[in-house]
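Visitor: give me a model of this one.
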Amino acid sequence: MNLTVKPIIETPRLVLREFVLNDAENIWELNSDPEVIKYTGDPPFATVEKAREFLLNYKDYKKNGFGRWAVITKVSDSFIGWCGLKLNEQNLVDLGFRFFKREWNKGYATEAAAACLEHGFLKLNLKEIIGRVARQNKASIKILEKLSMVYWKNDSCKGIENSLYYKITKDQYLQKLIKHA
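Guide: Here you go, the predicted model:
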């Protein structure tokens, strides 16, 4: 694997690692697809250079000890999107993911997100992780529910009114592990 940073998480098919400046073109391309960012509340980056500036100023790893991570396939060593944890504006740890449309419906988002929950609870000792999703984003809702996250409340998120908030506590996560052991 051609990485200058060590992997944070590995799954059977994926490696999650910190972003590097060389990810700028992929991040720009990912956020340039209107379907990919349709429910995110994020505008696309105007240029690859703007994506590079975002990566240069991305401080979550140092500030919080975690963040959104690049998702790389083991088979092709390709950047296919990102997934990870983020301390949001409400001081809650938020699980998020975004993948190239060509990678949808392959189980990557569920696999990466499940690994992030495991990392968050078992390695970072977090007490609770939430997921926020636009009500119309049925695919992401399905992923959160597959992860045993439960509906918590409606609230706005990045200008999207009436977004759905899901959550799972560490205790709920550990109970799920015991049940499936």
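
Visitor: contacts, neighbours, all on C-alpha from now
Guide: Will do.

Visitor: next SSE downstream of the helix or strand of the chain with the lowest mean pLDDT?
Guide: Ranked by mean pLDDT, DSSP states H and E, the helix or strand of the chain with the weakest confidence is strand 150-157, at a mean of 88. Beyond strand 150-157 on the C-terminal side, the first helix or strand identified by DSSP states H and E is strand 160-169.

Visitor: tell me what angle that following strand forms with strand 150-157.
Guide: Between the axes of strand 160-169 and strand 150-157, defined by axes from the mean of the first three to the mean of the last three CA atoms, to 10 degrees, the angle is 140 degrees.

Visitor: what pairs with strand 160-169, parallel or antiparallel?
Guide: With DSSP bridges as the test, strand 160-169 is paired with strand 128-133 (antiparallel), strand 150-157 (antiparallel).

Visitor: what residues sit buried inside the longest one?
Guide: This points to strand 150-157. Neighbour counts over strand 150-157 (16 or more other CA atoms under 10 Å) mark 150-151, 154, 157 as buried.

Visitor: okay, the residues you listed in a markdown table with distance to residue 111 next?
Guide: What follows is those, written out as a markdown table (distance: CA to CA, whole Å):
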| residue | distance to residue 111 |
| --- | --- |
| 150 | 18 |
| 151 | 20 |
| 154 | 26 |
| 157 | 24 |
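
Visitor: so for stretch 15-25, mean pLDDT?
Guide: For stretch 15-25, the mean pLDDT works out to 97.

Visitor: just the buried positions in that stretch, please.
Guide: Buried residues in stretch 15-25 (16+ other CA under 10 Å): 15-20, 23-24.

Visitor: any chance of those in a markdown table, with distance to residue 139 and secondary structure too?
Guide: Below are the buried residues of stretch 15-25 laid out as a markdown table (distance: CA to CA, whole Å; DSSP: H, G, I helix; E, B strand; the rest coil):
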| residue | distance to residue 139 | secondary structure |
| --- | --- | --- |
| 15 | 22 | strand |
| 16 | 21 | strand |
| 17 | 24 | strand |
| 18 | 25 | coil |
| 19 | 25 | coil |
| 20 | 28 | coil |
| 23 | 25 | helix |
| 24 | 26 | helix |
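
Visitor: of those, just say which sits nearest to residue 43.
Guide: The closest of these to residue 43 turns out to be residue 24 (CA to CA; 15.5 Å).

Visitor: now stretch 144-154 - C-alpha only, PDB.
Guide: These are the backbone C-alpha positions of stretch 144-154, laid out as PDB (Å, rounded to 0.1, in the frame of the first residue of the first chain):
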ATOM      1  CA  LEU A 144     -27.500   3.900  10.300                       C
ATOM      2  CA  GLU A 145     -30.300   1.400  11.100                       C
ATOM      3  CA  LYS A 146     -28.100  -1.500  10.000                       C
ATOM      4  CA  LEU A 147     -25.600  -0.300  12.500                       C
ATOM      5  CA  SER A 148     -28.200  -0.600  15.300                       C
ATOM      6  CA  MET A 149     -28.400   3.200  15.700                       C
ATOM      7  CA  VAL A 150     -31.800   4.300  16.800                       C
ATOM      8  CA  TYR A 151     -33.900   7.300  15.900                       C
ATOM      9  CA  TRP A 152     -33.400  10.000  18.500                       C
ATOM     10  CA  LYS A 153     -34.900  13.300  17.300                       C
ATOM     11  CA  ASN A 154     -35.500  15.800  14.500                       C
END
